[in-house]
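Q: sharing a sequence plus its predicted fold:
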Amino acid sequence: MAERALRGTRLGATSYENDRNTDLAPRQEVTYDCPRGHRFSVTFATEAEIPSNWECRFCGDNALMVDGEKPQEKKGKPARTHWDMLLERRSMEDLEEVLAERLELLRSRRREEQEHMAALARQRQSA
């Protein structure tokens with residue numbers, strides 16, 4: 001491979017073509033303003049659809065086109081919470097029943113722990 005490489009040139013880094021006898025596509029320059037005060041221009045083809053916003057090349061914020069219409073806010077769905085999804089699957093009566101079962105389970109565990117601790121205390125006193 002080294003034998004085939006051209007010496008003294010940087011292939012790919014420099015173009016050896018020139019602009020003579022070449023018709024460039026018609027272009028237009030569009031200016032954008034960043035909320036942080038940056039102003040920059042982007043070149044587009046004249047038949048291209050011009051976006052109303054563009055990423056600022058200085059800070060990365062969303063810059064808006066100068067003298068352009070502001071993009072319309074998209075209507076989004078309100079965020080569904082865990083509670084909303086739970087209410088879709090169960091009725092309030094079901095939820096109250098499950099709550100009562102879980103509370104009874106917790107209370108029974110607490111009673112068992114208290115009985116166990118009382119038994120340990122009695123063993124220590126008798127020893």
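A: Perfect, thanks for sending it.

Q: now do the longest helix along the chain: distance to the chain's middle.
A: Counting residues, the longest helix found in the chain (DSSP state H) is helix 92-126. Chain-centre distance of helix 92-126: 44 Å, with Cα atoms, centre = their mean, to the nearest Å.

Q: what packs against that helix?
A: Applying 3 or more Cβ pairs under 8 Å, 6 or more residues apart in numbering; DSSP states H and E, we find helix 92-126 packed against no helix or strand. Every residue, glycine included, has its C-beta placed from N, CA and C.

Q: and the strands in this protein?
A: Using DSSP state E, the strands of the chain run over residues 27-33, 39-45, 53-55, 62-65.

Q: so the second one versus strand 27-33, what angle?
A: What that stands for is strand 39-45. 150 degrees (axes from the mean of the first three to the mean of the last three Cα atoms, to 10 degrees).

Q: adjacent strands (with direction) for strand 39-45?
A: strand 27-33 (antiparallel) (DSSP bridges).

Q: what pLDDT, on average, does the strand it pairs with get?
A: Across strand 27-33, the average pLDDT comes to 93.

Q: got the contact list for that strand?
A: Residues outside strand 27-33 that contact it (Cβ atoms under 8 Å, 6 or more residues apart in numbering): 39-46, 50, 53-54, 56, 63-66.
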